[in-house]
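In: structural data only, the sequence is not supplied:
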């Protein structure tokens, strides 16, 4: 018979998996407490949850949400990073952190409802964020307008220069 603590954790994990835009399943073994604290602080700054979860409870929560294919990632010690807003933020944090500490490694991901293998991690970590995409889109919209304004301004400037030279000749 499951204890109340595990039942409560399964309920919480089920809700979190349902609301999450992305979940990263990581192997954190090899990091000391200080390093994990630094990683958690980076996640906290970016509104991402990161904690160790029991594999059996994660499996039950996944079944409750009808998510299949996570079993291969839920072996050995597992810590999960959950993002509710921007799905690529945890990937960027994990990538930057792994450059310095070589851990944690990503075993797999649940990205916008799709289960992905850890091999797809680099592609997701290199994806631009929503804000970056919006700024690229805005600049691409702005560019033709700037060129049009420059062209119209050049025509007006040329006309004024011609009129000034005519005035100088007549004087």
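Out: Received the coordinates, thanks. On a predicted model such as this, the values are computed, not experimentally measured, just so you know.
In: drop to CA atoms for contacts and neighbour counts, all remaining ones
Out: Will do.
In: tell me how far whichever helix in the chain runs longest lies from the chain's centre.
Out: Identified as the longest helix of the chain according to DSSP state H is helix 130-170. Its chain's C-alpha centre and that of helix 130-170 lie 37 Å apart, by C-alpha atoms, centre = their mean, to the nearest Å.
In: identify the residue nearest residue 91 in space, chain neighbours excluded?
Out: Closest residue to residue 91 apart from its sequence neighbours, by C-alpha to C-alpha, 6 or more residues apart in numbering: residue 125 at 4.7 Å.
In: any idea how far the one you found lies from residue 107?
Out: The gap separating residue 125 from residue 107 is 14 Å, by C-alpha to C-alpha, to the nearest Å.
In: could you report the pLDDT at the residue most central in space within the chain?
Out: Nearest residue to the geometric centre of the chain (C-alpha atoms, centre = their mean): residue 88, 1.4 Å. Per-residue pLDDT puts residue 88 at 85.
In: list the residues that contact residue 112.
Out: Residues near residue 112 by C-alpha atoms under 8 Å, 6 or more residues apart in numbering: 20-22, 87.
In: over to it: give its phi and psi.
Out: phi 50, psi 40 (degrees, to the nearest 10).
In: and it, how far is that from residue 134?
Out: According to C-alpha to C-alpha, residue 112 and residue 134 sit 19 Å apart.
In: got the domain ranges for the protein?
Out: Residue ranges for the domains of the chain, per automatic domain parsing: 4-127, 128-171.
In: select from these the stretch with the lowest mean pLDDT.
Out: Across the domains of the chain, domain 128-171 gives the lowest mean pLDDT, at a mean of 77.
In: circling back to that earlier point, so of the domains of the chain, which one's packed in deepest?
Out: For the domains of the chain, average neighbour numbers computed from mean count of other C-alpha atoms under 10 Å are highest in domain 4-127, which has a mean of 17.
In: need the pLDDT of residue 1.
Out: 54.
In: so residue 21 touches residue 83, yeah?
Out: Yes - taking C-alpha atoms under 8 Å as the definition, residue 21 is a contact partner of residue 83 at 5.8 Å.
In: in this structure, which spans are strands?
Out: Secondary structure of the chain (DSSP state E): strands at 22-27, 48-52, 79-83, 105-111, 114-117.
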